[in-house]
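**Student:** this one's structure only:
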């Protein structure tokens, strides 16, 4: 979940540097923000989608996690919906959330 990935004691499980810009992977929905900063945002709509998108990217890319989407699937799913409507953001966020909450074999 986003809550797992934003904890400093789990940074050793990250497949990327937490300070990597969000825009290194996705359309620039959060200008100037890193992956970690997007994870730490509160709120709904696009911000909630951002949190679950970063968690999905990390889950899809982390060694040992059997995620049901590839890294590229996560990137394409976000980029296909942005810019979009709150309803579109909520639908994609809910899909990522369901996958992100399936359990994790990491520490």
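**Tutor:** Received the coordinates, thanks. Quick caveat, the model's predicted, so the values are computed rather than measured.
**Student:** how much space between the residue most central in space within the chain and residue 16?
**Tutor:** Among the residues of the chain, the one closest to the centroid is residue 54, at 1.6 Å (CA atoms, centre = their mean). Residue 54 is 10 Å from residue 16, where distance means CB to CB, to the nearest Å. C-beta: built from backbone N, CA, C; applies to glycine.
**Student:** do residue 60 as well
**Tutor:** From residue 60 to residue 16 the distance is 11 Å (CB to CB).
**Student:** ok, the two, which is more surrounded?
**Tutor:** Legend: neighbour count by other CB atoms under 10 Å for residue 60 and residue 16, higher for residue 60 (20 against 16).
**Student:** need the contact list for that one.
**Tutor:** 67, 69, 70, 71, 73, 74 (CB atoms under 8 Å, 6 or more residues apart in numbering).
**Student:** Just the buried ones from those residues?
**Tutor:** Neighbour counting with 16 or more other CB atoms under 10 Å marks 67, 69, 71, 74 as buried within the contacts of residue 60.
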